[in-house]
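*Asks:* Sequence plus predicted model, see below.
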Amino acid sequence: MLYGNRFLTEDAPDGPFPATGMSALDAMRLVGEELAIEGDPNRNLATFVTTWMEPEAQRLIAENNYRNFIDHAEYPISAEIEQRCIRMLADLFNAPGETTGARTQGSSEAIMLGALSLKWKWKERREAAGLSIEKPNLVFGGDVHVVWEKFCRYFDVEPRIVPLQEGKYTIGPEDVEPHVDENTIGVAAVLGTTFTGHADDITGINDLLVGIKQDRELDVPIHVDGASGGFVWPFLYPHSEWDFRLEQVRSINASGHKFGLVYPGIGWLVFRSKEDLAEDLVFYENYLGKTDATFTLNFSTGASMLLAQYYNFVRLGHEGYAYIMKSMEANAKTLAEKLDGSGHFELIGADEEQLPLVAFKLRPGKDYDEFDLSWQLSAERGWMLPAYTMPPNAEDVKVLRALVKQTLSRAQINRLAEDIEEACAHLDKKGGVHAAERARIKRGPNY
Ligand SMILES: *Cc1c(COP(=O)(O)O)cnc(C)c1O
């Protein structure tokens, strides 16, 4: 065959287990050709996850994929590198002394483990006082990631969710207070919400809980979900207190594969101190001849992303991360100004501390909505710019959100802003895609 593989004219295997194999070249092309028409990560403004790493990091990753991170006995250096990263993060998050933590698959695993520790520590306190452990609850806002509700369902904890309102997309102490009682295992606060990129009022919530500790002798800890913000706030807003500088903050998670700038497959959980990790959750096992302490939900996993995270820490340092975060922030501001100046949009909270993104909505009085614009922009230019509705009780609010990452240069920002204006101009002329689509469906497909 001069070009390609036999799947140019045959369907790709997709059902029964293949009876026979194929050449390595055929297999590589089969997979590669299918993926070639998937979304282009460079035009993906939707994801928080890293889509670019420099060649030296890619080489490190490729050369270490065979290393199973969990085999601490065989790969003690990888294990030591995990500990180095945890110490560096504890320092970045202003831990007062010696800490502990874990490398995870992402923030979801880190949150499950962190929240389990909250539950176990609460049980310890209750049992020591001879009190019931029947009805644990966890307080958080509607601005959290779905993983928090998942935790509550999987691990039998009552979720006490503070609803959002139109114009108020984060929570503060006044929202938390009515929900806290003796069965509250903790409060989850978000640093950098997925919806608008803002932070809950963590200082305010801390003050409230310090007050409750003094007045009612209830020690209610905070877990900060810094999946995105954990690698942004220390560099853009170093004077904002949201981390272990606050007394009630006992654990923090961050996604290495978001603003930690590593490819998918790494997250972090860091405790304020060793005492904040419930000892019962640590498994001491004798595996392959050595006793090992593990605190994970997963077991085997590649060491590459951990090594890539350490690579980034030493390669960039505080200065390098700050430089990248500030560049993204400057480009996000430029995009925000252009969108604001176009007259089509309202920005959401652009003057508050925020992740490097632009959250915006259409001004009232248009014949089309945010979903139409998202669709139009994707059809015209291939940009993936998500539109979504806010969580309850702000579900009438539709939002567009553009992540402004390291790879989105000023030239691309300018092009994106022009493309958005053009898409608006087209929609102004023809009206909403959805409206037209609805009308077509009503008339019947054969019209
Ligand atoms: C992305 C995200 C998560 C989930 O993190 P993964 O690393 O994808 O598992 C949790 N919380 C927030 C606020 C997030 O942005």
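*Replies:* Sure thing, it's come through. Numbering: from 1, shown residues only.

*Asks:* Tell me the pLDDT of the most centrally placed residue in the chain.
*Replies:* Taking Cα atoms, centre = their mean, the centroid of the chain lies closest to Ala227, which sits 4.4 Å from it. For Ala227, the pLDDT comes out at 98.

*Asks:* hang on, it packs against Asn253?
*Replies:* Yes: counting by Cβ atoms under 8 Å, Asn253 is a contact partner of Ala227 at 6.3 Å. To be clear about C-beta, it is placed using only N, CA and C from the backbone, and glycine gets the same treatment.

*Asks:* shared neighbours of these two, which are they?
*Replies:* Residues touching both Ala227 and Asn253 (Cβ atoms under 8 Å, 6 or more residues apart in numbering) are Ser107, Ile111, Gly267.

*Asks:* any idea of the pLDDT on the first one?
*Replies:* On pLDDT, Ser107 comes in at 98.

*Asks:* Just give the number of residues close to it.
*Replies:* By the measure other Cβ atoms under 10 Å, the count of residues near Ser107 is 27.

*Asks:* Enumerate every residue touching Met325.
*Replies:* Going by Cβ under 8 Å, 6+ apart, Met325 touches Phe231, Val232, Phe235, Leu236, Phe259, Pro356.

*Asks:* Asn137 too?
*Replies:* For Asn137, the contacting residues are Val157, Glu158, Pro159, Arg160, His179, Asp181, Asn183, Thr184, Ile185, by Cβ under 8 Å, 6+ apart.

*Asks:* Cross those residues against strands and list the overlap.
*Replies:* By the criterion of DSSP state E, membership of those in strands covers Glu158, Pro159, Arg160, Thr184, Ile185.

*Asks:* The stretch 251-400 of the chain: strands as residue ranges?
*Replies:* 267-271, 283-287, 290-294, 345-347, 357-362, 387-389, 398-403 (DSSP state E, counting those that start in this stretch).

*Asks:* Kindly reformat these as TSV containing mean pLDDT and mean neighbour count.
*Replies:* TSV is the format used below for the strands of the stretch 251-400 of the chain (pLDDT from 0 to 100; neighbours: other Cβ atoms under 10 Å):
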stretch	mean pLDDT	mean neighbour count
strand 267-271	98	28
strand 283-287	80	11
strand 290-294	78	12
strand 345-347	98	17
strand 357-362	98	23
strand 387-389	97	16
strand 398-403	98	22
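
*Asks:* Out of those, which is closest to Val190?
*Replies:* Closest approach to Val190 among these (Cβ to Cβ): strand 357-362, 14.3 Å.

*Asks:* Let me know whether the closest one sits next to the ligand.
*Replies:* No: shown here: strand 357-362 not in contact with the ligand (Cβ under 6 Å from any ligand atom), separated by at least 11.2 Å.

*Asks:* Partner strands of that strand and their direction?
*Replies:* Paired with strand 357-362 in the same sheet, following DSSP bridges, are strand 345-347 (antiparallel), strand 398-403 (antiparallel).

*Asks:* to the chain's geometric centre, what's the distance from the last one?
*Replies:* Between the mean C-alpha point of strand 398-403 and the mean C-alpha point of its chain there is a distance of 15 Å (Cα atoms, centre = their mean, to the nearest Å).

*Asks:* Can you name the residues in contact with that strand?
*Replies:* Against strand 398-403 from outside (Cβ under 8 Å, 6+ apart): 45-48, 195-197, 335, 348, 355-362, 369-371, 373-374, 385-390, 416.

*Asks:* tell me the domain boundaries of the protein?
*Replies:* What automatic domain parsing lists as the domains of the chain is 62-313, 327-441.

*Asks:* looking at those domains, which is buried most?
*Replies:* Mean neighbours per residue, mean count of other Cβ atoms under 10 Å, is largest over the domains of the chain for domain 62-313, with a mean of 19.

*Asks:* ok, it near the ligand or not?
*Replies:* Yes: applying Cβ under 6 Å from any ligand atom, one finds domain 62-313 touching the ligand at Gly106, Ser107, Ser108, His145, Val147, Val190, Thr194, Asp225, Ala227, Ser228, Ser255, Gly267.

*Asks:* Enumerate every residue touching the residue nearest to Lys398 when sequence neighbours are not counted.
*Replies:* Using Cβ to Cβ, 6 or more residues apart in numbering and skipping the chain neighbours, the partner closest in space to Lys398 is Glu370 (4.2 Å). Counting by Cβ under 8 Å, 6+ apart, Glu370 makes contact with Lys361, Leu362, Ala387, Lys398, Val399, Leu400.

*Asks:* Tell me the one of those residues nearest Gly97?
*Replies:* The closest of those to Gly97 turns out to be Val399 (Cβ to Cβ; 41.1 Å).

*Asks:* Roughly how far does Lys366 sit from Gly432?
*Replies:* Per Cβ to Cβ, to the nearest Å, Lys366 is found 8 Å from Gly432.

*Asks:* And Thr50, by the same measure?
*Replies:* Distance from Thr50 to Gly432, by Cβ to Cβ: 34 Å.

*Asks:* Hmm, Arg381 and Leu45 touching each other?
*Replies:* No: if you go by Cβ under 8 Å, Leu45 and Arg381 don't touch, sitting 11.1 Å apart.

*Asks:* which residue does the stretch 251-400 of the chain bring closest to the ligand?
*Replies:* Here the residue of the stretch 251-400 of the chain nearest the ligand is Ser255; by Cβ to the nearest ligand atom that distance is 3.7 Å.

*Asks:* Tell me what that residue is bridged to.
*Replies:* For Ser255, the beta-bridge partners are Gly267 (DSSP bridges).

*Asks:* How about the contacts made by it?
*Replies:* If you count contacts by Cβ under 8 Å, 6+ apart, Ser255 has them with Phe48, Val49, Gly106, Ser107, Ala227, Ser228, Gly230, Phe231, Ile266, Gly267, Trp268.

*Asks:* Looking at it now. What's its pLDDT?
*Replies:* The model reports Ser255 with a pLDDT of 98.

*Asks:* From the ligand, how far out is Arg250?
*Replies:* Per Cβ to the nearest ligand atom, to the nearest Å, Arg250 is found 17 Å from the ligand.

*Asks:* Need the three-state assignment for that residue.
*Replies:* Three-state assignment for Arg250 (DSSP: H, G, I helix; E, B strand; the rest coil): strand.

*Asks:* Asp215 too?
*Replies:* Under three-state DSSP, Asp215 falls in the helix class.

*Asks:* Does Glu247 belong to a helix, a strand or coil?
*Replies:* Following three-state DSSP, we place Glu247 in the coil state.

*Asks:* check contacts around it.
*Replies:* Asn206, Val210.

*Asks:* quick one on the thing from earlier: need the strands paired with strand 357-362 in a markdown table (columns: distance to Asn286).
*Replies:* A markdown table is the format used below for those (distance: least, Cβ to Cβ, whole Å):
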| stretch | distance to Asn286 |
| --- | --- |
| strand 345-347 | 57 |
| strand 398-403 | 45 |
